[in-house]
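> just the structure for this:
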Amino acid sequence: MKNPGRRMGMMKRHIVLVDDEQSILNSLRREISDWAAELDLDVFAATSARKALEYLSEEGGATAVVVSDLRMPEMKGSDFLVEVREKHPGIVTILLTGFPETDEIVKAVKSGIFSYILKPWDRDYLLSELQKAFDHGELKRQNERYLKTMEEELKWAGEMQKAILKPALPKTEGVEFLSCYKPVPNLYCGGDYYDVIPLSADRFLLLIGDVAGHGVRAAFVTGILKAIIYSEYVRPTIGKKFSPGDFLGWLNDRMNFELRSATGLIITFFAGVLDKKAKSLLYANAGQTHPFVVGTGGAVELAAPGFGIGFADSADYPERRAELTEGDVLTLYTDGLVEPGASGGAAPIDPHMLFAGVEFGPDYHSRLMAAALAESGSEGFDDDVTLVSALVGRSR
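This is a model prediction of the structure:
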């Protein structure tokens, strides 16, 4: 059996005709010969479903259309086309019959046949249906190639985003940092931003944000955030006093300018300075989900008012301070964690109960996500999920 040729860089396509009567096959080949030649299609004729299946086992990937008779002694055409559909879903199928057997035609339709043609056929109608079937298959294959290319590009973008956004978590006595980022399945990249930046030996800037939307559009904005936040604002403040409220005010102004031509783009953001020596957190919030501190006092929500970035031309972000004790676990998170069933209309889960019910330890973030899914009854998350945690320990 010859190997499929190449035409304009593409695999040469095949048409398979199946009928137990050789005279019918000969007639079909004559009818479609000029059409097949014009499209540079190979035509294979089989006198049984078995022979056709043997051929397709080798050439199924190159076969565009299968035309099969309904009544054949070894296997009915309807059963044959069901098997073709199962083994070679990319092939477009046409049923040819001289007997209007409703049950068998219904079976073939359910198997996904493109059309059926009654014998004796009209030549113009036969060629018209073949052309439509061929075009349908080629368009489907083209779309699949586009989708595959897009998926590969998204995977690459996702890997790049992970590499760019993933912080080098500080290793320091007195605080243990953890981070976790999980984009929406099949999108590979998303709109969550997070970072942990040392400001001095004892102070650390904790950042988390959420760009509205999913995929490449949101990921592009997180790339802008990564490019400007450290270089333009944080680096000049290293070793100096840092105001989370002033930072969010600057970020609001900066992103309003950067995204001045964009519409409907909102960013929520939290900034906090963890002082391990003073055991305190100075923070401000621009519409981001409120962090939690879990310790001997249970799960405590760190609330602070503030509009999201981009809601107003200018905004003030009041600061709050939280006192921490040894053993406290501070966790920043995006809303995807508490809204796993949002696409199905499920209400958000209670974050107080979630954080109070999961103890800090190995796989802390994985166990938080598992608890959120269990509470919501969802199989997966509908939005990006990001967590940043800090365990406050003993300092010398």
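> in this structure, spot the helix with the most residues.
Counting by DSSP state H, the longest helix found in the chain is helix 123-165.
> measure the residue nearest to Asp383 when sequence neighbours are not counted to Leu95 for me?
Leaving aside its sequence neighbours, Asp383 sits nearest to Gly336 (Cβ to Cβ, 6 or more residues apart in numbering; 3.4 Å). Quick note: C-beta positions are derived from backbone N, CA and C, even for glycine. Here the criterion is Cβ to Cβ, to the nearest Å. By it, Gly336 lies 47 Å from Leu95.
> and for Pro183?
Taking Cβ to Cβ, one finds Pro183 at 44 Å from Leu95.
> do the same with Leu387
The gap separating Leu387 from Leu95 is 55 Å, by Cβ to Cβ.
> phi and psi next, for Phe204.
Main-chain dihedrals, Phe204, degrees, to the nearest 10: phi -130, psi 130.
> just checking, it touches Val175?
Yes. Counting by Cβ atoms under 8 Å, Phe204 does reach Val175; the two are 6.9 Å apart.
> give me the common contacts of these two.
Leu274, Lys276, Ala390 (Cβ atoms under 8 Å, 6 or more residues apart in numbering).
> avg pLDDT for stretch 275-282?
Rounded to a whole number, the mean pLDDT of stretch 275-282 is 96.
> go on, stretch 66-86?
Stretch 66-86 comes out at a mean pLDDT of 88.
> for stretch 50-62, same thing?
Across stretch 50-62, pLDDT averages out at 92.
> list the buried residues of it.
Of all the residues in stretch 50-62, those buried under the rule 16 or more other Cβ atoms under 10 Å are Ala52, Leu53, Tyr55, Leu56, Glu59, Gly60, Ala62.
> mind putting those into TSV with secondary structure?
Putting the buried residues of stretch 50-62 into TSV (DSSP: H, G, I helix; E, B strand; the rest coil) gives the following:
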residue	secondary structure
Ala52	helix
Leu53	helix
Tyr55	helix
Leu56	helix
Glu59	helix
Gly60	helix
Ala62	helix
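> and which of those is nearest to Ala322?
Ranked by distance to Ala322 (Cβ to Cβ), the buried residues of stretch 50-62 are led by Gly60 at 63.8 Å.
> isn't the closest one up against Ile91?
Yes. Applying Cβ under 8 Å, one finds Gly60 in contact with Ile91, separated by 6.7 Å.
> doesn't Phe242 fall inside a helix?
No. Using three-state DSSP, the assignment for Phe242 is coil, not a helix.
> in contact with it, which residues?
With Cβ under 8 Å, 6+ apart, Phe242 has these contacts: Leu199, Arg203, Leu205, Val234, Val273.
> of those, which belong to strands?
Secondary structure from DSSP state E places Arg203, Leu205, Val273 of the contacts of Phe242 in strands.
> residues near the second one, how many?
The burial count assigned to Leu205 is 21, neighbours taken as other Cβ atoms under 10 Å.
> what is it paired to in the beta sheet?
Counting by DSSP bridges, Leu205 is bridged to Ile197, Val273.
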